[in-house]
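[1] the following block contains a protein sequence and its predicted model.
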Amino acid sequence: MKNRMILVSILLIVPMLSMAVPASAQDIETPSWEIGWVEDHSNAVLLTSIGDKNSNDWWDTGGTTTLEFYIENTRMVEVTINLEFESDHEDEFGWVEVELDESVVVAGQSNKTFSVSIEVGALNDVSEGSTHELRIIAQEDTLLSTTPQIIEIDTQVPRVAVMTTDVINEDIPVMAGDSMDVKVEITNLGNKNDGLVNTETKLTIDGCPQLNAEADTSLFETVEPGATIEANFEVSAASSHPSKSCVVTFRSSSAGLASVTDSIELEVRSSSSSTPSTDNGGDDGGNGDEGDGDDTEVDEGVRANFLNSISLISSLAIIGIAALVRRFDTKCP
């Protein structure tokens, strides 16, 4: 009987102990580590466009961004975390460079901040607004198999505005009192449709105050990425403009804030420098030429009405013969 009472007591005490242990264990958090972004990146991060105008490919614009993340270690001892970077940037960009530590150490009971920098090439070849995902995979360096932690973020391509203009010098002079069209080639090297702004377009002339230049509507057409259009502007010279060389400079800005400039040397010829015609070269010249022609005709007519002149010897011989004939006639009976 006594043994039965002891057994019943044990059976009643054991459930009570088993219920009390989990309740106290739930209040104790297991020491571990965690990785996360320092800032909230629920929206895509816009890449910062960069370009080197000192290079031959200055229009080949790249993009860059630097992001911060943290690793919090709640353990009492330090933890070593291996880091790996993954992204889908390689599918579109010309090149991708990433700066990220392969392994970091976080002391026990501490929170440490790290950074990852990414730089991509040829932003102007990727459509504006397109997004690309990147990931950081963190794995604890331990002999035991553990589940990695992953943080993700999207980066977004900004608008890249790059345009060039080439004013074509065809070496054709503009005549005083006349006008001519000057051809311009406009190329869009950006990643979105773009075009020059009328109010930002300036045509300046150096050296020819009587030469005027006006923009044509063809200069402000929309240009697709990678395309080139041909446009014109008109120059006109006053009728009194002297023969002179001028420098015409074209400056403008696009809707995407791209700046363009180019210049050419243009020759202006006055009306007096043109080659005179052989038949009627002006009032004074024509009268003078006709006067010279009349004098020539008169001289030829006068020479035609007279015989050739007799030499001095021939004249003396004729006089001598005439005198002998006359003497002979007086001697005859």
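    Looks like it arrived, so ask away. Nothing here was measured: the structure is a model prediction, and the numbers come from that model.
[2] what sits closest to Val77 if chain neighbours are left out?
    Gly108 (4.8 Å; CB to CB, 6 or more residues apart in numbering). Glycine gets a C-beta too; all of them are placed from N, C-alpha and C.
[3] so what's that neighbour up against?
    The neighbours of Gly108, taking CB atoms under 8 Å, 6 or more residues apart in numbering as the test, are 73, 75-79.
[4] for the strand or helix carrying Leu266, list every residue counted as buried.
    Counting by DSSP states H and E, the element that carries Leu266 is strand 259-269. Judged by neighbour count (16 or more other CB atoms under 10 Å), strand 259-269 contains these buried residues: 260, 262, 264, 266, 268-269.
[5] then stretch 83-102?
    Within stretch 83-102, the residues scored as buried using 16+ other CB under 10 Å are 83, 87, 89, 92-93, 96, 100.
[6] among those, which ones are in strands?
    When the buried residues of stretch 83-102 are checked against strands using DSSP state E, the ones located there are 83, 87, 96.
[7] show me the two of the buried residues of stretch 83-102 that sit farthest apart.
    The widest separation within those, taken as CB to CB, falls between Leu83 and Glu92 and amounts to 24.2 Å.
[8] number of nearby residues for Ala258?
    The tally of other residues near Ala258 (other CB atoms under 10 Å) stands at 19.
[9] ugh, wrong one, Gly62
    Gly62 has 22 neighbouring residues, counting by other CB under 10 Å.
[10] which stretches in the stretch 101-250 of the chain count as helices?
    Taking DSSP state H, counting those that start in this stretch as the test, none of the stretch 101-250 of the chain falls into helices.
[11] from Pro173, how far off is the closest residue to Ser87 other than its chain neighbours?
    With sequence-adjacent residues excluded and distances taken as CB to CB, 6+ apart, Ser87 is closest to Leu134, at 3.9 Å. Per CB to CB, to the nearest Å, Leu134 is found 59 Å from Pro173.
[12] and Val197, by the same measure?
    Val197 is 31 Å from Pro173, where distance means CB to CB.
[13] what do you get for Ser42?
    Counting by CB to CB, the gap between Ser42 and Pro173 amounts to 64 Å.
[14] these two - which one has more neighbours?
    Applying other CB under 10 Å to Ser42 and Pro173 shows that Pro173 carries more neighbours, namely 15 against 8.
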